[in-house]
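**Student:** only geometry, no sequence info:
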């Protein structure tokens, strides 16, 4: 097998386009949460009645569809999936196949194309199965996983392949792990809360998760408050060192506060479509912010900020 180095034109091409493409990947992964939410919230989940075709015998919308608006919304979301596939392939070529990068970074370059294809299959199963809430919820959670991978990939591409240096003590890292676990819990409870409410994805579907929506909303809110409390602790712990950790810890709190505000308003105003969709996009933004904050607790830069006594003790041999 040949191990020849990449050609100079390919190297220059990668140097020019890798940054913009990984940014586009993250933006697109968040954007499709918004379009997917629009499908669900407008009752357009079965606007295209089959998959992978839109209607039997046609991959594109047909003029005689029973619900042309719903068909158009669903098809638009599927079209954006095609854009995601194109971006994912570009990420694969630019990062996943770049032998000059570490194996871990190359593996991250494969994640978008693999998970986007998995997403397409899950989306197809949800249509074929008549939009069961559990499958629709899995579709959303896979999007959150893609946002995490896209955010981490962006960090890895920008920071280079130097040795890892810890920027936080072990206690702070443990609090960050708790924050990550609570983020997962908040997202999962949000899926169950939505699945128990009036936004299943299609107006004709009469079943929901067999739990009380208001009770689930309260449990979901409790998890959010726990997340906020842990985020405050983390901000207090990193504030002394300043820099990126403090900025991103504050960003996480700001996004969480906005998300909480939207959540309470949407419940008290009868779950208007616009607010619920904004809440879904906010979940993706919060996921990205938490991931980015976690990345600031270590660095691959050669020259790092001075460590505190506690940090020095952690990194000492």
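**Tutor:** That came through, no problem. Quick caveat: nothing in here was measured; it's all calculated off a predicted structure.

**Student:** measure the residue lying closest to residue 92 once chain neighbours are set aside to residue 84 for me?
**Tutor:** Computed as Cβ to Cβ, 6 or more residues apart in numbering, the closest residue to residue 92 that is not its neighbour in sequence is residue 113, at 5.0 Å. All C-beta spots, glycine's among them, are computed from the backbone N, C-alpha and C. Distance from residue 113 to residue 84, counting by Cβ to Cβ, to the nearest Å: 9 Å.

**Student:** can you check residue 271 too?
**Tutor:** For residue 271, the distance to residue 84 - Cβ to Cβ - is 28 Å.

**Student:** rounded mean pLDDT for the helix or strand hosting residue 172, please.
**Tutor:** Take DSSP states H and E as the rule and residue 172 turns out to sit in helix 170-195. For helix 170-195, mean pLDDT rounds to 93.

**Student:** what's the following helix or strand after that helix?
**Tutor:** Tracing the chain C-terminally past helix 170-195 and defining elements by DSSP H and E, one meets helix 213-238 next.

**Student:** that following helix vs helix 170-195, what angle?
**Tutor:** Calculated by axes from the mean of the first three to the mean of the last three Cα atoms, to 10 degrees, helix 213-238 forms an angle of 160 degrees with helix 170-195.

**Student:** helix or strand right after helix 213-238?
**Tutor:** Note on helix 213-238: by DSSP H and E, the next helix or strand toward the C-terminus is helix 243-268.

**Student:** centre of the chain versus that following helix, how much separation?
**Tutor:** Distance, stretch centre to chain centre, for helix 243-268: 16 Å (Cα atoms, centre = their mean, to the nearest Å).

**Student:** got the angle between the next helix or strand after it and helix 170-195?
**Tutor:** Proceeding C-terminally, helix 243-268 gives way to helix 273-296 as the next helix or strand, assigned by DSSP H and E. Our comparison of helix 273-296 with helix 170-195, counting by the same axes, to 10 degrees, yields an angle of 160 degrees.

**Student:** got the angle for helix 273-296 vs helix 243-268?
**Tutor:** Helix 273-296 and helix 243-268 meet at an angle of 160 degrees, taking the same axes, to 10 degrees as the criterion.

**Student:** now do whichever helix or strand comes after helix 273-296: everything it contacts.
**Tutor:** Per DSSP H and E, helix 273-296 leads on to strand 298-299 as the next helix or strand towards the C-terminus. By Cβ atoms under 8 Å, 6 or more residues apart in numbering, the list of residues contacting strand 298-299 from outside reads 159, 164-168.

**Student:** buried sites along the strand or helix carrying residue 86?
**Tutor:** Residue 86 is part of helix 68-91 when elements are defined by DSSP H and E. Neighbour-count burial for helix 68-91, counted by 16 or more other Cβ atoms under 10 Å, picks out 70-78, 80-81, 84-85, 87-88, 90-91.

**Student:** ok, back up a step: what about the residue nearest to residue 92, neighbour count?
**Tutor:** The number of residues packed near residue 113 is 20, by other Cβ atoms under 10 Å.

**Student:** next: residue 123.
**Tutor:** There are 24 residues near residue 123, going by other Cβ under 10 Å.
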